[in-house]
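J.: no sequence for this one, just the structure:
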């Protein structure tokens, strides 16, 4: 009898301790459970919000109407490093398309530790059934609420497979960017004309290794900067005037080589590491560009708290896609000979013509360093607080997240966004247009990008009069804008 009582008491206290690690708050319509785990330098908070009794809760992106669920921290000396909401479910509610949590919504945040009191959390959300009721819950965290072991799994708003495929596709498309394609085309034609097939194969593998390694090094730098609390994203290196100046010099040298003003000693082309270094150089040349699909994949790993192997895996997939065309050309030159034109005088003229985009890119990079920004008076400088206020008041807003070092951004602005047709369209439809210039480091813009799951530009976001946001394609034309803004 004594033994049974002792066992019961032990089990009771163990269950009480385990239950105390979860902080539970309830309303008549919903239950929220906060779970805190501790790592060496961070706290990971996972909040599960569960509707009860047939009610549903509007998600962080509620759709045509409603109030987005919101978690606000009182951090003290702690710092919010990352956060992520799970995706909701699209439903029709009284004729409106909305996005809701019907069974549960998951919020995960990573907090950097600080001195003093533990942080507290305020949760606001909208519960709906036959009516909609605003709800509010408060969580105060105590030392007894914290588990001292890492979480076994990671919340993701995008599957790893999707991110890998997007990165791979983005890498392939990156070869078609104007600052990359001329160099790639000349290299592919040259490798298909070479007679030493074994050498071609070795060069192809070396180039592949150089490209992938450079992307992994970039990933490592991004991950380290992120761990230091820096707000960064793809193209962060182009926010440094020294790096931009170096890139301008590099493109001038490439233009000189295309024009035969600068000649490379033939013996240097035969060194074993030549193709490997070419791969490293190819990634540097591509750094001003963001290809379609690439932004979503990189934004996923940078704005989410994914494991290291997934973080580096996405960058490896990006490098694999980017290196693939030249690698295949080196491994299968016979096939490439069939689809590339035969050599002739046209190659000399084409090579000189390719110097034009190289010179244009060099001039553009110099303009980034010394040039003055010239924005149409119709555009307003981005202000997150103003945008939030306007959307809450039912005004339509269009945001152009851009940078002077982003070629795709500049092309879209020149051909579409700064065109009178778009400016007139915005005025006719009473759309407030904002330009978020990310040329130089700007924490407010970086955080705004992260809210849409992005860490790179271009990004185009439109809020309609109901406050619902939609992300437009990265390559724009006027018809696309008409379709989205109608």
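T.: Received it, and whenever you're ready, just let me know what you need. A quick note: this is a predicted structure, and the numbers were derived from the prediction, not measured.

J.: mind listing what residue 317 touches?
T.: Residues near residue 317 by CB atoms under 8 Å, 6 or more residues apart in numbering: 163, 164, 165, 167, 168, 171, 297. Where you see a C-beta, it was placed from the backbone N, CA and C, and this is true even at glycine.

J.: Check whether residue 74 really touches residue 122, as I assumed.
T.: Yes: the criterion here is CB atoms under 8 Å, and residue 74 meets it with residue 122 at 7.2 Å.

J.: What's the local residue count around residue 167?
T.: If you count neighbours by other CB atoms under 10 Å, residue 167 ends up with 28.

J.: On the three-state scheme, it is what?
T.: Classification of residue 167 by DSSP: H, G, I helix; E, B strand; the rest coil places it in helix.

J.: coming back round to it: make a PyMOL selection of the buried ones in the contacts of residue 317.
T.: To isolate the buried members of those in PyMOL, using 16 or more other CB atoms under 10 Å:
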select buried, resi 163+164+167+168+171+297
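
J.: Return the item of the contacts of residue 317 having minimum pLDDT.
T.: The lowest pLDDT within the contacts of residue 317 belongs to residue 297, with 79.

J.: Just give me the residue closest to the centre of the chain.
T.: Central residue of the chain (CA atoms, centre = their mean): residue 299, 1.7 Å from the mean position.

J.: Low-confidence regions, the stretch 1-150 of the chain specifically.
T.: Scanning the stretch 1-150 of the chain for pLDDT under 70 picks out 1-21, 63-66, 93-97, 148-150.

J.: ok, back up a step: which pair of the contacts of residue 317 spans the longest distance?
T.: 163 and 171 (12.5 Å; CB to CB).

J.: buried set for the helix ranked longest in the chain?
T.: When the chain is parsed with DSSP state H, its longest helix is helix 197-227. Buried residues in helix 197-227, counting neighbours by 16+ other CB under 10 Å, are found at 200, 203-216, 218-219, 222-223, 226.

J.: ok, then the element right after it?
T.: helix 241-258 (DSSP states H and E).

J.: now what about that next one, what contacts it?
T.: In contact with helix 241-258 (CB under 8 Å, 6+ apart) are residues 179, 182-183, 186, 237-238, 262-264, 281, 284-285, 287-288, 351-352, 354-355, 358-359, 361-362, 365-366, 368-369, 405.

J.: Same question for stretch 418-434.
T.: By CB under 8 Å, 6+ apart, stretch 418-434 touches 376, 378-383, 386-387, 390, 395-400, 416, 462, 478, 481-482, 485.

J.: and with 10 Å instead?
T.: Contact with stretch 418-434 is made by 374-384, 386-387, 390-391, 395-401, 410, 412-413, 415-417, 435, 461-465, 476, 478, 481-482, 485-486, as judged by CB atoms under 10 Å, 6 or more residues apart in numbering.

J.: Taking those, please make a ChimeraX selection of just the buried ones.
T.: Buried subset of these, written as a ChimeraX selection, criterion 16+ other CB under 10 Å:
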select :378,379,382,387,390,391,395,396,397,398,399,400,401,410,412,413,416,417,435,461,462,463,464,476,481,485
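
J.: So which of the contacts of stretch 418-434 belong to strands?
T.: Secondary structure assignment by DSSP state E places 380, 381, 396, 397, 398, 399, 400, 401, 435, 461, 462, 463 of the contacts of stretch 418-434 in strands.

J.: Spit out the residues that contact residue 163 and residue 171 alike.
T.: With CB under 10 Å, 6+ apart, residue 163 and residue 171 have common neighbours 293, 297, 317, 318.

J.: For residue 358, list the residues it contacts.
T.: Here residue 358 is in contact with 178-179, 182-183, 250-259, 285 (criterion: CB under 10 Å, 6+ apart).

J.: re the thing from before, relative to residue 143, which of the shared contacts of residue 163 and residue 171 is nearest.
T.: residue 297 (38.9 Å).

J.: Can you report phi and psi for that closest one?
T.: The phi/psi pair for residue 297 (degrees, to the nearest 10) reads phi -70, psi -50.

J.: Pull the contacting residues for it.
T.: 158, 162-171, 234, 314-315, 317-318, 456.

J.: at 6 Å what do you get?
T.: Counting by CB atoms under 6 Å, 6 or more residues apart in numbering, residue 297 touches 163, 166, 167, 314.

J.: from those, which two are the most distant?
T.: Maximum distance among the contacts of residue 297 (CB to CB): 8.4 Å, for 166 and 314.

J.: Quickly note the distance from residue 451 to residue 388.
T.: Applying CB to CB, to the nearest Å, the value for residue 451 to residue 388 is 11 Å.

J.: ugh, typo on my part, it should be residue 334
T.: Taking CB to CB, one finds residue 334 at 59 Å from residue 388.

J.: Residue 190 too?
T.: Counting by CB to CB - residue 190 and residue 388 are separated by 53 Å.

J.: and if you look at residue 241?
T.: 32 Å.

J.: now the helix or strand where residue 189 lies against helix 197-227, angle please.
T.: Element membership for residue 189, per DSSP H and E: helix 181-193. Angle, helix 181-193 to helix 197-227, by axes from the mean of the first three to the mean of the last three CA atoms, to 10 degrees: 150 degrees.

J.: I'd like to know which elements helix 181-193 is packed against.
T.: Counting contacts by 3 or more CB pairs under 6 Å, 6 or more residues apart in numbering; DSSP states H and E, helix 181-193 is packed against helix 308-331, helix 333-339.

J.: Now tell me what touches it from outside.
T.: 175, 200, 326, 329, 330, 333, 336, 337, 340, 354, 357.

J.: mind giving me the domain split of this protein?
T.: 21-147, 160-370, 380-485 (automatic domain parsing).

J.: Straight-line length of the last one, end to end?
T.: Looking back up the chat, that one is domain 380-485. 18 Å (CA to CA, to the nearest Å).

J.: Pull the distance from it to the chain's centre.
T.: 16 Å (CA atoms, centre = their mean, to the nearest Å).

J.: Could you check how many residues crowd around residue 117?
T.: Residue 117: 13 neighbours (other CB under 10 Å).

J.: and it, helix, strand or coil?
T.: Assignment for residue 117 (three-state DSSP): coil.

J.: Backbone torsions only: list them for it.
T.: The phi/psi pair for residue 117 (degrees, to the nearest 10) is phi -70, psi 150.

J.: swap in residue 118?
T.: According to degrees, to the nearest 10, residue 118 has phi -70, psi 150.

J.: ditto for the one 4 residues further on
T.: The phi and psi values for residue 122, taken as degrees, to the nearest 10, are phi -110, psi 130.

J.: Before I go, just wanted to say thanks for your time.
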